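# show me how the following folds:
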Amino acid sequence: MLAGCCLVAITPFFWWGSPSGHDFEFHMFSWMEVLGQWKHGIAYPRWAALAYWGYGEARFLFYPPASWTLGAALGAALPWTMVPGAYCWIVLTLTGAAMYRLAREWLPAADALFAAVFYALNPYHLLIVYWRSAYAELLAAALLPLQLLCLLRIFLRESEPGHRPTLGLSLTLAAAWLTNVPAAVMIYYATAGLALIFVATGAATGAARVAAREPSWGPQVWRPLVRTLIRTALAMLLGVGLASFYLLPAIYEQGWINISQVLSPGVRPHDNFLFTTIADPDHNRFNLLVSTVAVVEIGILAFAIWFSRRWRAKRRGAADPSTSSGQAFGGPIASSATAVAADQSPWVLLSAWGVVSAVLLLSVSNWLWQHLPKLRFVQLPFRWLLSMNAALAMLLAMAAKRWTWTSRFVASAVLLAAVIVAGYRIQPPWWEKASDIREMNDAIVDGTGYEGTDEYVPAGDDAYELNKTLPRISDASGAPVQSEMLAWGPTEKHFTVYAAAPQNVTVRLFSYPAWKVVVNGKPITTQKTDVTGLIVIPIAAGGSDVRIHFRRTIDRLLGNILSLISLAVLVVAWFRPEWIKPAWVIPVWVRTRRPEISANLASPAA
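Numbers count the residues shown, from 1 in each chain. Next up, the predicted model:
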């Protein structure tokens, strides 16, 4: 049923073609080029050789691999005209399946299915599909329910034996880095924020019990809070380690590109709060569209929080030791912490995080965007709708437990109608026909190339001054140099040059520190052109054999090693948890200064 609903959502593709959102060409060209590099035997592309009409850019070093790998794989099996629709259907189905898995932890199958369908086809996801074509961001939406599932299992079932909830969270966090960097930043902040909310509400509950002179506040209550923070922090660190093969080069080499373009006017956070206007009519129309969708969803969130309170009250009653055998929240909870866990219900955490996500869409949160580390690299505040919708789907399913399926269908139809009406009244989507996509593929096949992306151009170079007719090998004036081309692949260039006198030759290729140039068997230091930053090679009179290779830099090697080490740790902890001693993860200062705390944390129950 879920897959069928997602197929219905993309039926316009069959009549009008593929929606051409803001990032459509970026992703399509990336998929096509990756498939072309696979055919050259390059399993993990790093350099986009056909960007900027053959001058290239370091796109695949910095853009996470998950979305372009899936897109290229679909392109290998299907005609390119079908790939965008197939991609959207697969990803929407995955997002719904992930939400179903989360919802089944606390809800019956029918309610979980409602949450899954709502989450997969919520208004913001449809906006991504039809107006933004932000395919990597859409794929990241499938990770948010899994993140919440792992976090809630860590928080609400902290006494559950084994490390698997923590390891599952680390895998989800690693997948986020490999899918979409802005979404990964959001997910990391969500992870830390939810942990702090859990600890703060737990501490408040304990303080209230102390004030009421109840005996339940003590080590049996605060120890789970400490363990929760430790597990969450370890999952975050392991997630970074697993993704280091991508992350470390992307971090180390960002000084080699024009990374400041990521925050250029129009894509800065303060330009994209709800109902913000700037001196760009196209930007303002789209911002009005997404703001309208966001306001509708925030209203639904408020409704869901209010009417799902009954679910919370019912679950709290079920978690009461006098009425339960310790099976609250769908799994075992230690009896000493049951009362506090009841106060820490999913309703509290989901409601709090939904509200926080909604606040971050508004200009009142600008101080946070400017001062919290790296938060500004999320760029567009409305991306927090991804996080808010994960909480909203769960809360709405809780609120709608007594609704009939007809009522649920009507509510969903109203939301869908709001998106369609707002879209076509404010900013209708654009469409790419089959002929347009074939033209894009022809540009890849014949080597013409495509327009690149500003932030991936080597630092200090001006891509707008490039000469599209420049020969592959030329002199300082741009005239062709007598040469014989032996190989011109994505990461390997091999040619011979014949010169009557010593001279400098210019290669139709951006100069990037990872390129290694060897002339007549000897590595040489190259120069580059002043404005465009192309590789300039000094050659001697006579014949010169020139090889240019995209080498493996030290940061890539270290990143691979860190990922392998992290993977080994995860495998050992997953299959041989008895080898991981709890004492290893207790902070040194606790072991040395507070041995009684260390003993409690390292107990078998921990």
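# tell me who's in contact with Ser483.
472-473, 495-498, 505 (C-beta atoms under 8 Å, 6 or more residues apart in numbering). (Each C-beta comes from the backbone N, C-alpha and C, glycine too.)
# farthest pair in these?
Of all pairs drawn from the contacts of Ser483, the greatest distance, 14.8 Å, lies between Arg472 and Tyr498 (C-beta to C-beta).
# neighbour count winner among those two?
Neighbour tally, Arg472 and Tyr498, criterion other C-beta atoms under 10 Å: the higher count belongs to Arg472, 16 against 13.
# what sits closest to the more buried one if chain neighbours are left out?
Arg508 (4.7 Å; C-beta to C-beta, 6 or more residues apart in numbering).
# just checking, that neighbour touches Gly56?
No. Judged on C-beta atoms under 8 Å, Arg508 makes no contact with Gly56 at a distance of 9.0 Å.
# ok, back up a step: chain center to the helix or strand that contains the residue nearest to Arg472: distance?
In this structure, Arg508 sits in strand 503-510 according to DSSP states H and E. Averaging C-alpha positions (C-alpha atoms, centre = their mean, to the nearest Å) puts strand 503-510 37 Å from its chain's average.
# paired strands for that strand, with orientation please.
If you go by DSSP bridges, strand 503-510 pairs up with strand 473-474 (antiparallel), strand 534-539 (antiparallel).
# to Gln261, which of these lies closest?
Here strand 534-539 is closest among the strands paired with strand 503-510 (C-beta to C-beta), at 19.5 Å.
# mind listing what's buried in the closest one?
For strand 534-539, the neighbour count (16 or more other C-beta atoms under 10 Å) marks 534-537, 539 as buried.
# also stretch 522-536?
Buried, per 16+ other C-beta under 10 Å, within stretch 522-536: 526, 528-529, 532-536.
# looking at the residues you listed, spot the one nearest Val181.
Gly533 (24.6 Å).
# wait, the closest one touches Pro458, no?
Yes. Gly533 lies in contact with Pro458 (C-beta under 8 Å); the separation is 5.4 Å.
# joint contacts of these two?
In contact with both Gly533 and Pro458: 510-511, using C-beta under 8 Å, 6+ apart.
# dump the strands paired with strand 503-510 into JSON lines; add distance to Tyr464 as well.
Converted to JSON lines, the strands paired with strand 503-510 look like this (distance: least, C-beta to C-beta, whole Å):
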{"stretch": "strand 473-474", "distance to Tyr464": "19"}
{"stretch": "strand 534-539", "distance to Tyr464": "14"}
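# just send those back as JSON lines, with distance to Leu61 and mean pLDDT too.
Converted to JSON lines, the strands paired with strand 503-510 look like this (distance: least, C-beta to C-beta, whole Å; pLDDT from 0 to 100):
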{"stretch": "strand 473-474", "distance to Leu61": "25", "mean pLDDT": "94"}
{"stretch": "strand 534-539", "distance to Leu61": "17", "mean pLDDT": "95"}
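# Pro471 belongs to a strand?
No. Pro471 is assigned coil when assessed by DSSP: H, G, I helix; E, B strand; the rest coil, not a strand.
# now the end-to-end length of stretch 76-86.
Criterion C-alpha to C-alpha, to the nearest Å; first-to-last residue distance in stretch 76-86 is 12 Å.
# thinking again about what came up before, can you say which of the contacts of Ser483 are buried?
Applying 16+ other C-beta under 10 Å to the contacts of Ser483 flags 472-473, 495, 497, 505 as buried.
# Thr453: which of the buried residues of strand 534-539 is nearest?
Nearest to Thr453 among these, with distances taken as C-beta to C-beta, is Leu534, at 18.0 Å.
# can you get me a residue count around the nearest residue to that closest one once chain neighbours are set aside?
In space, and not counting its chain neighbours, Leu534 is closest to Thr506: 5.4 Å by C-beta to C-beta, 6+ apart. Applying other C-beta under 10 Å, we find 23 residues neighbouring Thr506.
# next, Leu486: secondary structure please.
Secondary structure of Leu486, per three-state DSSP, is strand.
# wait, it touches Thr496, no?
Yes. The criterion here is C-beta under 8 Å, and Leu486 meets it with Thr496 at 6.9 Å.
# any weak-confidence spans in the stretch 201-350 of the chain?
202-222, 311-345 (pLDDT under 70).
# which residue ranges of it form helices?
Ranges of helices within the stretch 201-350 of the chain are 219-242, 244-252, 281-307, 309-319, 338-343, 346-359, based on DSSP state H, counting those that start in this stretch.
# of all the contacts of Ser483, which comes closest to Leu2?
Out of these, the member with the shortest distance to Leu2 (by C-beta to C-beta) is Arg472, at 50.6 Å.
# now do the contacts for the closest one.
483, 485, 488, 495, 507-508.
# repeat for Val378
Contacts of Val378 by C-beta under 8 Å, 6+ apart are 182, 185-186, 269, 384.
# leaving aside the residues next to it on the chain, what's closest to Ala190?
Using C-beta to C-beta, 6+ apart and skipping the chain neighbours, the partner closest in space to Ala190 is Ser387 (5.5 Å).
# can you say which of the strands paired with strand 503-510 is nearest to Met236?
strand 534-539 (40.1 Å).
# just want the angle from the helix or strand just after the closest one to strand 534-539.
Going down the chain from strand 534-539, the next helix or strand is strand 542-550, by DSSP H and E. In terms of direction (axes from the mean of the first three to the mean of the last three C-alpha atoms, to 10 degrees), strand 542-550 departs from strand 534-539 by 140 degrees.
# give the buried residues for strand 542-550.
544, 546-548, 550.
# any idea which helix or strand comes after the one helix or strand Val91 maps to?
Using DSSP H and E, Val91 maps to helix 83-103. Once the chain leaves helix 83-103, the next helix or strand it forms, by DSSP H and E, is helix 109-120.
# where does pLDDT dip in the stretch 401-550 of the chain?
In the stretch 401-550 of the chain (pLDDT under 70), the answer is 402-407.
# contacts only, for Arg268.
376, 379.
# change it to 10 Å
Counting by C-beta atoms under 10 Å, 6 or more residues apart in numbering, Arg268 makes contact with 262, 278, 369, 376, 379-380.
# any idea how far it is from Val378?
11 Å (C-beta to C-beta, to the nearest Å).
# list the buried ones in whatever helix or strand Arg556 lives in?
Assigned by DSSP H and E, Arg556 belongs to helix 554-575. If you call a residue buried by 16+ other C-beta under 10 Å, then helix 554-575 has these buried ones: 555-556, 559-560, 562-563, 566, 569-570, 573.
# CA atoms only: put that helix into CSV for me.
Extracted as CSV, the C-alpha positions of helix 554-575 are listed here (Å, rounded to 0.1, in the frame of the first residue of the first chain):
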residue,chain,number,x,y,z
ILE,A,554,47.3,12.1,2.3
ASP,A,555,43.9,13.2,3.6
ARG,A,556,42.1,10.6,1.5
LEU,A,557,44.5,7.9,2.8
LEU,A,558,44.0,8.9,6.4
GLY,A,559,40.2,9.1,5.9
ASN,A,560,40.1,5.5,4.5
ILE,A,561,42.2,4.3,7.5
LEU,A,562,39.9,6.0,10.0
SER,A,563,36.8,4.5,8.3
LEU,A,564,38.3,1.0,8.4
ILE,A,565,39.2,1.3,12.1
SER,A,566,35.7,2.6,12.9
LEU,A,567,34.1,-0.2,10.9
ALA,A,568,36.2,-2.8,12.8
VAL,A,569,35.1,-1.3,16.1
LEU,A,570,31.4,-1.4,15.0
VAL,A,571,31.6,-5.0,13.8
VAL,A,572,33.3,-6.1,17.0
ALA,A,573,30.8,-4.3,19.2
TRP,A,574,27.9,-5.6,17.1
PHE,A,575,28.8,-9.3,17.0
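# okay then, goodbye and thanks.
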